Structure formats: structure tokens, C-alpha cells
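Enquirer: Need a 3D model of the sequence below.
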Amino acid sequence: MAPKTATKDMSKGKKDKKSWVKFVVVDKQGLPVSWVKYAAKLPDGRIAEGRTPPGGSVEVRGFAKGQVELTFVDFDAAKEDKVKAGDKTGGAPKPCEISKADKAYQPGHALSLTADREHKIELPIQPSFWLQLQATAKDAATMEDEYVLESDDGAYQVRRSVSRDHVRGAAARALEFPSIYEGPLYSLTHQPAGDFPPYAVFIKRPFTTLLQSARWLKGSRRSR
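Expert: I've put the predicted structure just below:
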């Protein structure tokens, strides 16, 4: 079983370097985030780096007392995925509102951590709802079909077409609806291309239901 906390000893046998810092990395819902690449710059300039374990917790030991500058490399390097015009995700909670973290990480800005303390750090991650579609023989005719996920408070509305799937396999397609958040109820509508009428896939589902598992649909239902 993988450890919940990854420990790095930077002392190299020097007994005078006894300071430590511990941080746990969570998403906006307060859930541990694993396999995120971090770099901790120690007071003497050395870098302790690695990836977070399944528990999201890292402890660095064996350095002189002082401030530790922490960055998350993947977030600094990645460009934010811009939601296309017309989509709305404006109801997301404020940083640390739900996770109760001590600090919220902003890509490109190092966090200063005090040594000999534990810290809870929120990364700018909101869960996504994944809609998985089983491919059918009529796929070519359904590539321009759209699915719209919207919240009952009007703050969230994201539209995805089948042509924007993230799998592109022969047997399945997957659409991502990013940055869902707790509070409102969600409804998903299928809007077939052409003259076919839209229909509701589900209506007023809570956030927790969307997180429990991705939803599978058997291709595209079209009826006049």
C-alpha cells in the first residue's frame, strides 16, 4: 500500500539542520490530490521536489530554519483550458471556502511556508463531470450533436459537442464538463443536430451524484 505521506530527508547527516515542513494538497472540495509535481525551495537554496502520494501529504525534513518557497510545476507550466464563448461557470466557490485550507495556490506565484509547521494547501482544481458515450454505427451522423449541462441557479451552463470528445476511440467517446461545484442541482440535455427535438438525459441531479461515477449513454437517441 502506498504511503499517505511522502517524506524527504534533506539533512545529509548534518545534525544542526533539524527544521521541517509538512503540507497536504487538496482540491476545492477538500479532497487529497495525488501525483501533482511540486518543488520546495529551502532556505539554503536547495530544491526538494517530487510528486504527491495518494494521501496528498508531503513532509520535508533536515534543513536550516526559515521560509520554504513552494510551487506546483504542472500548474505553472500548463495553460488554462478556456471555456468556449457562451459557457458559464461563474458560481464556483471562493478559494478555501469549502476545503478550509490555510492557503490557496495561484499558478505562477510561489507560496511561502513557515518551517516547523503543517500547512493545508488548496489547488485551483474543481471536479469535472464526464459523460461517456458508447460509439455506434451511426456515429458520423451524430458528431455535431450537443449536450448541455446547466445548474438550476443559472450560474453554470457548459455546452459540448460529440466532436469534442477526449477519447476518440472506436468503442467510446467522452465529453468533459469542467468545474462543477456543490450547491445547485444539475440537468443534462441532449440536443441532436438537424431537425430532431432535444430531450432531457437527467433533471436536477445533485453535485454528489455527478461525482460518484461517469454516466454511460448508448450512443445518440434520435426520434421525430
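Enquirer: Kindly report the domain assignment for the protein.
Expert: Following automatic domain parsing, one finds the domains of the chain at 5-11+20-122, 129-217.
Enquirer: and those, which one's lowest on average pLDDT?
Expert: When the domains of the chain are ranked by mean pLDDT, domain 129-217 comes last with a mean of 80.
Enquirer: Save the domains of the chain as a markdown table, and put in mean neighbour count too.
Expert: C-beta coordinates here come from the backbone N, C-alpha and C atoms, glycine included. Supplementary listing: these in a markdown table, determined by neighbours: other CB atoms under 10 Å:
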| stretch | mean neighbour count |
| --- | --- |
| domain 5-11+20-122 | 16 |
| domain 129-217 | 16 |
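Enquirer: Now do the end-to-end distance for stretch 11-24.
Expert: The stretch stretch 11-24 measures 21 Å between its terminal residues, going by CA to CA, to the nearest Å.
Enquirer: So what's the gap between it and the chain middle?
Expert: Averaged C-alpha coordinates place stretch 11-24 at 31 Å from its chain's average position (CA atoms, centre = their mean, to the nearest Å).
Enquirer: same thing with stretch 145-152?
Expert: Taking CA atoms, centre = their mean, the mean C-alpha location of stretch 145-152 is offset from the chain mean by 20 Å.
Enquirer: With stretch 24-34 instead?
Expert: Mean C-alpha position of stretch 24-34 versus that of the full chain (CA atoms, centre = their mean) differs by 9 Å.
Enquirer: Thanks a lot, see you next time.
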